[in-house]
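**Q** take a look and give me a structure for this.
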Amino acid sequence: MKPTEPQFKVRSVTIDDLPQIAKFIEPFVAEGKLLPRTTEELEDLLPHGFIAEMDGQIIGFAALEIYSPKLSEVRSLAVMPIYRGKGVGRELIARCVERARERKVLEVMAITSNEEFFKQCGFDFTLPGEKKALFLMTRDI
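**A** A predicted model of the protein is given here:
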């Protein structure tokens, strides 16, 4: 019999979580996987942010930023490396998509360096009608 995987839970972010989230994302920012976030930016993500936790420790984070009734974006998805491949990221994405549906937002986009993961979550490069997102960088990073 296979040992049971440790169980994590996903819940909405509270204001009290913000210091721990800021600390949690630091290594991802240092690696260049996430953009740095100010306290104010994290507060803006609060209404639609989710954390995955196990034994009181944050093991994953993601937020949905709603731009309009038409468009939202999955922001700052991060999962501790030892918990990748265990459904944490998939559940965080599912919560973001569910929130978009609750708010009746038409489209959810993700800007990522891990396109295969998002494709497994149902994302694609085009939308019905062959709509695609195009980007232009206005400054060096």
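
**Q** quick one, helices of this structure?
**A** 18-30, 39-45, 88-102, 115-120 (DSSP state H).

**Q** what packs against the longest one?
**A** The contact analysis (3 or more C-beta pairs under 8 Å, 6 or more residues apart in numbering; DSSP states H and E) places helix 88-102 against strand 9-12, strand 49-54, strand 57-66, strand 71-79, strand 107-110, helix 115-120. The C-beta positions use only the backbone N, C-alpha and C, and glycine is treated the same way.

**Q** equivalent analysis for the last one, please.
**A** Helix 115-120 makes packing contacts with helix 88-102 when contacts are defined by 3+ C-beta pairs under 8 Å, 6+ apart.

**Q** buried residues in the helix it packs on?
**A** 88-89, 91-97, 99-100 (16 or more other C-beta atoms under 10 Å).

**Q** what sits against residue 96?
**A** By C-beta atoms under 8 Å, 6 or more residues apart in numbering, the residues touching residue 96 are 48, 50, 62-64, 72, 74, 108.

**Q** one more time with 10 Å, if that's ok
**A** Contact partners of residue 96, counting by C-beta atoms under 10 Å, 6 or more residues apart in numbering, are 48-50, 62-65, 72-75, 77, 108, 110, 121.
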